[in-house]
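**Student:** sequence and predicted structure are below.
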Amino acid sequence: MISVLILLYELKYTKTLLICLSVLTDIISGTMIEHVSQLMIKICGIPLALISFIWFLYNFFLLGVIIRLRSKDIPTFVIQSYLIAASIVIIWQLVHFDPWTIWAFITTLMLYSIHVALTTYQIR
């Protein structure tokens, strides 16, 4: 999969690359959200039908893809609400990692942020 992403980048297929990365990111965050949602349902004892649960996860996944691809057409409060919910889920998952894994993740995010801030090439 990494080879395909590198090939798309080298051939300047940035729109396709953006779509692929959006879908992959949402699959990963969707898995985390599904895990957290199941735990919250068990802890709180919320009665919820399977179809309603799948509908919630599908809409959250779809909203994430739409926000990444069409952010100009969506109100700011919707984007901010989605990003806050996704951040809470990611932080909750990070709390359960080993300390060295958390520091490796934070270091990687820091290096990526520096790279994005210092490079002039923009995907969009």
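**Tutor:** Noted; the coordinates are in hand. Only a predicted model underlies this, so the values are computations on that prediction, with no experimental measurement involved.
**Student:** got the confidence number for the nearest residue to residue 71 once chain neighbours are set aside?
**Tutor:** Once flanking residues are discounted, residue 71 sits nearest to residue 79: 6.2 Å by CB to CB, 6 or more residues apart in numbering. C-beta: built from backbone N, CA, C; applies to glycine. Model confidence at residue 79, expressed as pLDDT, equals 83.
**Student:** ramachandran coordinates for residue 75?
**Tutor:** According to degrees, to the nearest 10, the main-chain angles of residue 75 amount to phi -60, psi 150.
**Student:** so it versus residue 67, what's the distance?
**Tutor:** 11 Å (CB to CB, to the nearest Å).
**Student:** next one: residue 80
**Tutor:** Taking CB to CB, one finds residue 80 at 10 Å from residue 67.
**Student:** so between the two, which is more surrounded?
**Tutor:** residue 67 (18 against 10; other CB atoms under 10 Å).
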